[in-house]
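*Asks:* Let's see this in three dimensions:
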Amino acid sequence: MPHLKSRSIKSVGIALMLLGGALLGPAVDSAIAQTSPTFAGLQGKWSGDGSIALTNGTTERLRCDATYAIGGGGSNADLALKCASDSYKFDLRVSLQDSDGAIVGQWSETNNNVQGGISGRGSRGLLQLTVRGQAFGAAVSVSTRGSEQSVRIHADSGNLSQVAITLHHAH
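*Replies:* Numbers count the residues shown, from 1 in each chain. Presented below is the predicted three-dimensional model:
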């Protein structure tokens, strides 16, 4: 069963990275960003692609589709994210809440039956998260400009090393 555990950690890592990418609205002027809810402007469908680098040196392309439901005047985000590469698929569900820039939340991945917590800081246009779960931890950094999001993840456990992805809002 080591292969299943390795695949599960890899899938969870990618899913968590992508959740970070999906959680920011368009970048705005800093004075407006200070008063705008973190998740304002995300409602709807997004998609993107990128790459994942594993600790064994392999790299794979990744394709994702996401749907976001924003509530609480832009301070709550629910995310459904489905991603696939040549070797696996995953289905991630995330719920987040922003309280004056402090972000907390939960995530679950249904294909591998894993879950965990999320914490960090955010403002509209920038998000820094720590993501934890069973046998996995990662730092996620996301910046957003207009309808494009740039996501970077660095894992501190598992077989995932780095992930880079770009998501685009479907208008």
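*Asks:* Where does the prediction get shaky in this structure?
*Replies:* For the chain, the stretches with pLDDT under 70 are 1-36, 171.
*Asks:* The chain: strands as residue ranges?
*Replies:* 44-54, 59-71, 76-84, 89-99, 102-109, 114-123, 126-133, 136-145, 148-155, 160-169 (DSSP state E).
*Asks:* Compare those and give me the one nearest P37.
*Replies:* Nearest of the strands of the chain to P37, taken as Cβ to Cβ: strand 89-99 at 6.6 Å. C-beta: built from backbone N, CA, C; applies to glycine.
*Asks:* residue contacts, the closest residue to G117 other than its chain neighbours?
*Replies:* Spatial nearest neighbour of G117, chain neighbours left out: R132 (5.5 Å); criterion: Cβ to Cβ, 6 or more residues apart in numbering. Shown in contact with R132 (Cβ atoms under 8 Å, 6 or more residues apart in numbering): G116, G117, I118.
*Asks:* Could you tell me how many residues sit around the first one?
*Replies:* Residues lying near G116 (other Cβ atoms under 10 Å) number 18.
*Asks:* What's the separation between the closest residue to D65 other than its chain neighbours and Q106?
*Replies:* Spatial nearest neighbour of D65, chain neighbours left out: S47 (4.9 Å); criterion: Cβ to Cβ, 6+ apart. In this view, S47 and Q106 are 24 Å apart by Cβ to Cβ, to the nearest Å.
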